[in-house]
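# requesting a structural model of the entry that follows:
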Amino acid sequence: MDRLILKGMEFYAFHGVLPQEQHLGQRFIVDVELFLDLAPAGRTDDPEQTVNYARVFRLVEEVVTGAPCRLIEAVAEKVAGAILEHFPVSEVLVRVKKPGAPVAGHFEYMGVEIRRRKDSKSGGAHE
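Presented below is the predicted three-dimensional model:
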């Protein structure tokens, strides 16, 4: 399956379990991979045959900077569900990274990665 990739989207939000995370906020980095057939767009050079990645970016921004969650797992689920609801993709991979996680030590980031696909019967998402 072909993939459309949006990598390294950065947002400032207030997700987290700890009070200081919810009060001060922090940076989140989100990667999204959309699984769909890109052959029609490639053959026709027609933007209507693919997904507008600028619109995907705005949707991800709206979700990530919206209502705070305690867990980045919940943020990833919200992003995946919104993408599957609004765009003609069969599957989505969402990676949410928290480079400033309040953990003593050196690391690049703490994060989660989920992969959800559209339920062909209900149109909803599932694992």
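
# show me where this protein has strands.
3-13, 26-35, 91-98, 110-118, 125-126 (DSSP state E).

# tell me which of those sits nearest to residue 43.
strand 3-13 (15.9 Å; Cβ to Cβ). Every residue, glycine included, has its C-beta placed from N, CA and C.

# tell me which residues in that closest one are buried?
4, 6, 9, 11, 13 (16 or more other Cβ atoms under 10 Å).

# nearest to residue 68 among the strands of the chain would be which one?
Of the strands of the chain, the one closest to residue 68 (Cβ to Cβ) turns out to be strand 3-13, at 6.7 Å.

# give me the angle between that closest one and strand 26-35.
For strand 3-13 against strand 26-35, the angle between stretch directions is 160 degrees (axes from the mean of the first three to the mean of the last three Cα atoms, to 10 degrees).

# dump the buried residues of strand 3-13 into CSV; add pLDDT and distance to residue 28 as well.
Shown next, in CSV, are the buried residues of strand 3-13 (pLDDT from 0 to 100; distance: Cβ to Cβ, whole Å):
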residue, pLDDT, distance to residue 28
4, 97, 21
6, 98, 14
9, 98, 9
11, 98, 5
13, 98, 5
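
# nearest to residue 22, of these?
Among the buried residues of strand 3-13, and counting by Cβ to Cβ, the member closest to residue 22 is residue 13, at 10.1 Å.
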